[in-house]
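A.B. asks: Predicted model and sequence follow; I will ask about them next.
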Amino acid sequence: MAAAARRALKPGLEWEFDQHVLPREASRSAVTRYLVDLAETGGWELARLAIGNDGVRRIVVKRKIIRQQRQLYFLPV
């Protein structure tokens, strides 16, 4: 697992990307379970999936970065 990269595709909208490499021995159902687990626990969605000539699956997942505005509170004097 590589470190997640951040990229802004549109102004105000940022995505976080993460790359995963799964061996050719991983079955299709195991890969599906892995992706479902990423989606349910971390909010990731599939961006890209490539199966190489050697059978290795290279997966890129993404999720939105939600930034909250800092709230300013003023106390009455």
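C.D. replies: Thanks, I have the structure now.

A.B. asks: got the contact list for residue 45?
C.D. replies: By Cβ atoms under 8 Å, 6 or more residues apart in numbering, the contact list for residue 45 reads 39, 61-63. The C-beta positions use only the backbone N, C-alpha and C, and glycine is treated the same way.

A.B. asks: Can you say which two of those residues are spatially most distant?
C.D. replies: Of all pairs drawn from the contacts of residue 45, the greatest distance, 11.0 Å, lies between 39 and 62 (Cβ to Cβ).

A.B. asks: Of those two, give the one with the bigger neighbour count.
C.D. replies: Legend: neighbour count by other Cβ atoms under 10 Å for residue 39 and residue 62, higher for residue 62 (19 against 14).

A.B. asks: So the residue nearest to the more buried one when sequence neighbours are not counted: helix, strand or coil?
C.D. replies: Once flanking residues are discounted, residue 62 sits nearest to residue 47: 4.3 Å by Cβ to Cβ, 6 or more residues apart in numbering. Following DSSP: H, G, I helix; E, B strand; the rest coil, residue 47 is assigned to strand.

A.B. asks: How about residue 21?
C.D. replies: Of the three states, residue 21 takes strand under three-state DSSP.

A.B. asks: what are the bridge partners for the residue positioned nearest the centre of the chain, then?
C.D. replies: The residue lying closest to the centre of the chain (Cα atoms, centre = their mean) is residue 62, at 3.0 Å. Legend: beta-bridge partners of residue 62 under DSSP bridges are residue 17, residue 45.

A.B. asks: Counting neighbours, what do you get for the closest residue to residue 14 other than its chain neighbours?
C.D. replies: Ranked by Cβ to Cβ, 6+ apart and with sequence neighbours excluded, the top spatial neighbour of residue 14 is residue 65, at 4.1 Å. Using other Cβ under 10 Å, residue 65 has 13 other residues around it.

A.B. asks: State the distance from residue 65 to residue 21.
C.D. replies: Residue 65 sits 23 Å away from residue 21, going by Cβ to Cβ, to the nearest Å.
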